[in-house]
Each structure stands twice: as structure tokens, then as C-alpha cells.
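# Here's a sequence, model it:
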Amino acid sequence: METQVTELAYALDTFYFLICGALVMWMAAGFAMLEAGLVRAKNTTEILTKNVALFAIACTMYMICGYTIMYGSADWLLSGITGDGVAGAAEPASYAPSADFFFQVVFVATAMSIVSGAVAERMKLWAFLAFAVVMTGFIYPLEGSWTWGSKDVFGLYNLGDLGFSDFAGSGIVHMAGAAAALAGVLILGPRKGKYGPGDVITPIPGCNLPLATLGTFILWLGWFGFNGGSVLATASVESANSVAVVFMNTNAAAAGGLIGALAIARFKFGKADLTMALNGALAGLVAITAEPSTPTPLQATLFGMAGGVIVVFSILTLDKLKIDDPVGAISVHGVVGLLGLLLVPITNPLTEDGGSSFTGQLIGAATIFGWTFIASLIVWLIIDKVFGVRVSEEEEYDGVDLAECGMDAYPEFTTK
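Just a heads-up that it's a prediction; the model follows:
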């Protein structure tokens, strides 16, 4: 009887893990739709190509070397991911190791998806894909090994031992993706016509706000797998209750983020700015990702609302600094990712049984951002020297769809 119960728990946890992984994979569609809606029509095909291609590259590179770097074992490459344990785990897992790989690989793709929107409308497609190979195969896995993989940072210290905690990846995934994006944006420079002399900022609206709204709802849905799956189990009363709390708080934070951003936009602009509202919902989700299991629903709502408020000011500040981010990815995932890490000790303080401290969170954030930004900057510079990262002025004016992909996303509305 005990064996049957154990096998049933294993099956349930594995099935839950796979379903959550599928939800996170669905977030790739959310990023694609969000970004396609927030860029101009002439750049839509290329942004979609980047999103679908980066997902394929992430899956392949993580299989070839990323998983091994992050968890320290390549045995499954020769024999398959089977058996009773996950690579690097101290004890046998309660779920199939192949499910763990699938769940981890969609997180890698999420980190890379953050980059695509920030560098939109002026980056060469193949330069972006070359960076995706390095980001998903080396930069992200090494950073992840210092946190979820329990390895030392270059032999110096382990982030977990310093009081660092990141439940589902506000820093490990989202801030890391934003750091890579920031490095790329600094190398690229802004889109032509975005900034004028002095403090002149010219808005460049997206072509399809219904599509951007759909993308946000898809991301909102997928985030339940992102955070909920990070509980890693659901076959016991304790884990089932934890999953329910994580789902509830994830939703509460997204709602709070949208309300906060919408209210600040109304105060700042006198109008209900939809794009700020959408980014506010995403900011709320990022803010709660570092620790969705310990706050009360009210705290989760307030944490999300704080993220929604901050993201509006961050987007405006980056524009003043002439850092051009067409979709607000650096603000949503980077600035609010840091906020999420700093909120963790409020509800999950450091104790003998675990938790976090503000010092540990700051050290972890600095380590993750510093490594990812510097490594990404070096890779972007190398790619720029070898291939060039930016399309020509003429190609940018005509749209990267034709220059990079040879086709329009909306040919019926194109005037020849």
C-alpha cells in the first residue's frame, strides 16, 4: 500500500510539473503577442521570428550544455533523463527528472524572451540569435548554478548561504534577462527619431494594442505555472495548500500592479494609459515572483501595486536618460525584479530553517546583475565587431521585416 501511495504521489507531482511547464511555455506566446503589439507594423514579422527562434535555440542549447552547467551532471545526455533523481539533487526527486528538465528549459526561454522586446526595431536578426546561443547556453545557466544549482560563485561564496532567496526567479530569471537587454540596448542606441535635441522625446506607438493586451493576459495565465510550478510538488496536503496560496498571491499581485500603474498614469498624464496598465500587471507579477508563498493576499496586492507604481516612473526615467526600450522590458523585469528580491525578507525573514536577509538579497542581486550585464556586454561587443548588431538607417526606415525576413506581417495595409 505504501508503495502504491508513493507511486501515485510521484505520478501526480510529475504531471503537475509538466502542466506548469506547459503553462510557462505558453508565456512564449504571450511575449510574442505583447511585443508584436507594441512595435510598429513594419517590424512585426521580425519580432515574431525572434520569439519563435529564441525558444528553439534555448531548448537546444540548454540540452547541449546549459543544464549540465547549472546542475553539474551530463549523464542524462548519454542515457536519457530517467531514474530516481535529478542531476545535482541530494535526494531522489518526487517527480520524473525529465519533467524537471522541461520545467527548467522553459525558464531559460523566458529569460531570453525579455531581451527581444528591448532591442526591437533596430537589431539584426542573426546578431540577436547569436547572442541567444550564448545567453541560453552559458550566461544564464552559470548564474542559475549559483542559486538554484547550489554552486559557489567562482569558488568565492554561495548565494543561498548568504541569506539569498528567490522562489521563482524575480532576480534569477527576470532581472538577469533585463540585465542582458540593457547591455544590448546600450550597444545598439535608440531608434531613429525617438529622441531629439535636449529633452525632446517623440512617442513611437505600437501598431496593435489588442494584440498587446492579449499577450498580457497570456503572460498572466502562464505565470501561474511559473510561480505555481516552483512549489515542485502538489501530491500532499502541505504542497497542495502551498500551490493554492501561490496561485492566489500571483493573481492578487498582478491585479494590484495594474491598478497601481493605471492610477499613476491617470495622475501623471490625465488619461488611462493602456500600455502602462499592461506593464503594471506584468510588474506586479515580477514583484511577487521572488516570494509568492509567504505573503498574505493583501500583502501580495500591495507588493504588486508597488511594482506597478515603480514601473511607470522607471519607464519615464529611462526615456529621460535616452535608453530606448520599446516595450518597457528593462523596467518591468529589471527594476521591478530588484524590488521583488528586496520584498522577500518582509514575509520570509532569515531563520535557522532558511529565509532571506536584506543583505543577502542585495549581494545576490548585485551578483546576478553584475555577471549577466558584464558577460552580455562583452558578447554584444564581440558580435558587433564580427557581424554588426544594428541594421542600416535605410533598413530601419523601411522596416526590419523586409530587410531581415523578406515579408510583411500585414501586407494588405502596406502601400507599395
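# quick one: average confidence on the helix or strand hosting Glu396?
Here Glu396, judged by DSSP states H and E, is contained in helix 393-398. For helix 393-398, the mean per-residue pLDDT is 95.
# residues making contact with it?
42, 121-122, 191-192, 390, 402-404 (C-beta atoms under 8 Å, 6 or more residues apart in numbering). Heads up, the C-betas are built off the backbone N, CA and C, glycines and all.
# Repeat the analysis, applying 7 Å as the threshold.
Here helix 393-398 makes contact (C-beta atoms under 7 Å, 6 or more residues apart in numbering) with 42, 122, 192, 403.
# For the third one, which non-adjacent residue is closest in space?
The shortest distance from Lys192 to any residue that is not its chain neighbour, by C-beta to C-beta, 6 or more residues apart in numbering, is 5.7 Å, and that residue is Glu396.
# burial measure for that neighbour, as a count.
19 (other C-beta atoms under 10 Å).
# do the same with Trp371
18.
# Flag every buried residue along the lengthiest helix in the chain.
For the chain, the helix with the greatest residue count under DSSP state H is helix 2-38. By neighbour count with 16 or more other C-beta atoms under 10 Å, helix 2-38 contains the buried residues 9-10, 12-14, 16-18, 20-21, 23-25, 27-38.
# re earlier: filter the contacts of helix 393-398 down to just the buried residues.
Among these, the ones that count as buried by 16+ other C-beta under 10 Å are 42, 122, 403.
# Val286 versus the spatially closest residue to the first one that is not a sequence neighbour, what's the distance?
Read that as Lys42. Leaving aside its sequence neighbours, Lys42 sits nearest to Gly399 (C-beta to C-beta, 6+ apart; 2.6 Å). According to C-beta to C-beta, to the nearest Å, Gly399 and Val286 sit 30 Å apart.
# Who has more neighbours out of these two?
Val286 (34 against 23).
# next structured bit after the helix or strand of the chain with the lowest mean pLDDT?
Among the helices and strands of the chain, helix 75-79 carries the lowest confidence by mean pLDDT, DSSP states H and E, at a mean of 57. Sequence-wise, the next helix or strand downstream of helix 75-79 (DSSP H and E) is helix 97-118.
# other SSEs contacting that following helix?
If contacts are counted by 3 or more C-beta pairs under 7 Å, 6 or more residues apart in numbering; DSSP states H and E, helix 97-118 sits against helix 2-38, helix 44-61, helix 176-188, helix 329.
# what angle do that helix and helix 44-61 make?
Put simply, helix 97-118 runs at 150 degrees to helix 44-61, going by axes from the mean of the first three to the mean of the last three C-alpha atoms, to 10 degrees.
# and helix 97-118, C-alpha only, in PDB?
Provided in PDB are the C-alpha atoms of helix 97-118 (Å, rounded to 0.1, in the frame of the first residue of the first chain):
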ATOM      1  CA  PRO A  97      13.800  14.100 -13.800                       C
ATOM      2  CA  SER A  98      12.800  14.700 -17.400                       C
ATOM      3  CA  ALA A  99       9.900  16.800 -16.100                       C
ATOM      4  CA  ASP A 100      12.500  18.900 -14.200                       C
ATOM      5  CA  PHE A 101      14.500  19.500 -17.400                       C
ATOM      6  CA  PHE A 102      11.400  20.500 -19.300                       C
ATOM      7  CA  PHE A 103      10.400  22.900 -16.500                       C
ATOM      8  CA  GLN A 104      13.900  24.400 -16.300                       C
ATOM      9  CA  VAL A 105      14.300  24.900 -20.100                       C
ATOM     10  CA  VAL A 106      11.100  27.000 -20.400                       C
ATOM     11  CA  PHE A 107      12.500  29.300 -17.700                       C
ATOM     12  CA  VAL A 108      15.700  29.800 -19.800                       C
ATOM     13  CA  ALA A 109      13.500  30.700 -22.800                       C
ATOM     14  CA  THR A 110      11.600  33.200 -20.700                       C
ATOM     15  CA  ALA A 111      14.800  35.000 -19.700                       C
ATOM     16  CA  MET A 112      15.800  35.300 -23.300                       C
ATOM     17  CA  SER A 113      12.300  36.500 -24.300                       C
ATOM     18  CA  ILE A 114      12.800  39.500 -22.100                       C
ATOM     19  CA  VAL A 115      15.700  40.600 -24.300                       C
ATOM     20  CA  SER A 116      13.900  40.500 -27.600                       C
ATOM     21  CA  GLY A 117      11.400  43.300 -26.900                       C
ATOM     22  CA  ALA A 118      14.000  45.800 -25.500                       C
END
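# Mind giving me the packing neighbours of the helix or strand following it?
The element immediately downstream of helix 97-118 (helix or strand, assigned by DSSP H and E) is helix 125-134. Applying 3+ C-beta pairs under 7 Å, 6+ apart, we find helix 125-134 packed against helix 44-61, helix 358-386.
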